[in-house]
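Colleague: The amino acid sequence is not available; the structure is as follows:
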């Protein structure tokens, strides 16, 4: 092995020791989360409703229904998931945290209530994002471990790449008929190679979701460094409480949804946000597909008079903004439907296996070195003892 590869092996091995357990946890939780929508649809009846030939109940009425039952609740987000799915109000209950209140979008009847902290997949998501540590700490622990893992994948590729063309064919396959140590070695190297490209994509998109500088970097790269003022967060519209002339004659959230449905008639899912902590305006996101977050058009309204302040039409968005809005769908593998979900699932499963198979390889070599050293010492002792006998000592 060349000195260069010895340095690479040293880095690969010790970085693996540092991040292995965290990479395993993050990968296995990501693997579980890939099919969370399909699993929850299969086990929870409240995630589906019977389609009716009538319009949705107005969002202001949904807010009133929630307020009547929970006067102190703050229904900041209203979701219309689709014609065959319920509407949902994401509410804050003070010290009780966030609750999801599901309602029939045609009648407003409450069909299910859920404390988000009790949802299995929400817990899995928090482990994946923060390891159940305080978010400010867990985010950095996971983020640094993911960056280390990316370095490990690249160094592993350098170590694995065969020098000779004649070796490449066998290097791309697992020798299932070999001894178990050989099979473990191939599982680590061969599966690691096949998963590298997908693992790097999943890592980068995950970092972009967690860290704004990474998201901003992707935005700038995709836009070739162009700063598009229209999309700048600094220019995000806000209602002016000093200019309340011409107050809307109906609730602004109703005006907002009606406008979004008119401008985006093919959208299947709508998200209405009226969270003062996020923006002073009322916004609506119109999404082409249910439970998919890419390709949305957005509309912002003055929360006092219902005036349209800004439109984020999908066809006018820059490549950078489109790519950033695809981050979640790419990260969980749903960007291309079932096929890409399976790919993300398998890649995550392989990533979870790599620290395990890598540790077994290291342990085997360590034990082999000890065994070899022991045999060498015995051989030296035997030769020395024989010479002593011959010399009459």
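Modeller: Structure's in. What do you need? Owing to the predicted nature of the structure, the values given are computational and were not obtained by experimental measurement.
Colleague: Give the burial count for residue 1, as a bare number.
Modeller: 8 (other C-beta atoms under 10 Å). Using the backbone N, CA and C atoms, a C-beta is placed for each residue, glycine as well.
Colleague: what's the answer for residue 57, then?
Modeller: Applying other C-beta under 10 Å, I find that residue 57 has 18 neighbouring residues.
Colleague: Could you pull up the residues touching the closest residue to it other than its chain neighbours?
Modeller: Leaving aside its chain neighbours, residue 57 sits nearest to residue 108 (4.7 Å; criterion: C-beta to C-beta, 6 or more residues apart in numbering). By C-beta atoms under 8 Å, 6 or more residues apart in numbering, the residues touching residue 108 are 57, 61-62, 65.
Colleague: With secondary structure, pLDDT and distance to residue 313 as added columns, please give those residues in TSV.
Modeller: Formatted as TSV, the contacts of residue 108 follow (DSSP: H, G, I helix; E, B strand; the rest coil; pLDDT from 0 to 100; distance: C-beta to C-beta, whole Å):
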residue	secondary structure	pLDDT	distance to residue 313
57	coil	95	27
61	helix	95	28
62	helix	95	26
65	helix	94	32
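Colleague: Would you map the helices across this structure?
Modeller: Secondary structure of the chain, counting by DSSP state H: helices at 3-33, 36-43, 59-69, 120-130, 135-160, 165-171, 180-210, 212-222, 252-263, 319-325, 327-331, 338-390.
Colleague: weakest of the ones you listed by average pLDDT?
Modeller: Lowest mean pLDDT of those: helix 165-171, a mean of 67.
Colleague: Name the stretch from the helices of the chain that approaches residue 231 most closely.
Modeller: Smallest distance to residue 231 across the helices of the chain (C-beta to C-beta): 5.3 Å, for helix 319-325.
Colleague: follow-up on the earlier one: between the helices of the chain, which one is closest to residue 291.
Modeller: Residue 291 sits nearest to helix 36-43 of all the helices of the chain, at 5.4 Å, using C-beta to C-beta.
Colleague: how about the helices of the chain in TSV, adding distance to residue 52 and mean neighbour count?
Modeller: TSV is the format used below for the helices of the chain (distance: least, C-beta to C-beta, whole Å; neighbours: other C-beta atoms under 10 Å):
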stretch	distance to residue 52	mean neighbour count
helix 3-33	32	17
helix 36-43	20	14
helix 59-69	16	18
helix 120-130	29	17
helix 135-160	40	17
helix 165-171	59	10
helix 180-210	36	18
helix 212-222	40	15
helix 252-263	16	19
helix 319-325	31	19
helix 327-331	29	20
helix 338-390	28	14
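Colleague: Export the ones you listed as TSV, with columns for distance to residue 85.
Modeller: Below are those laid out as TSV (distance: least, C-beta to C-beta, whole Å):
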stretch	distance to residue 85
helix 3-33	20
helix 36-43	9
helix 59-69	14
helix 120-130	17
helix 135-160	29
helix 165-171	48
helix 180-210	24
helix 212-222	29
helix 252-263	16
helix 319-325	21
helix 327-331	18
helix 338-390	19
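Colleague: Can you report how many residues lie near residue 94?
Modeller: 9.
Colleague: oh, I was asking about residue 133
Modeller: Residue 133: 15 neighbours (other C-beta under 10 Å).
Colleague: Excluding chain neighbours, give the residue nearest to it in space.
Modeller: Distances taken as C-beta to C-beta, 6+ apart place residue 141 nearest to residue 133, at 6.5 Å, with adjacent residues excluded.
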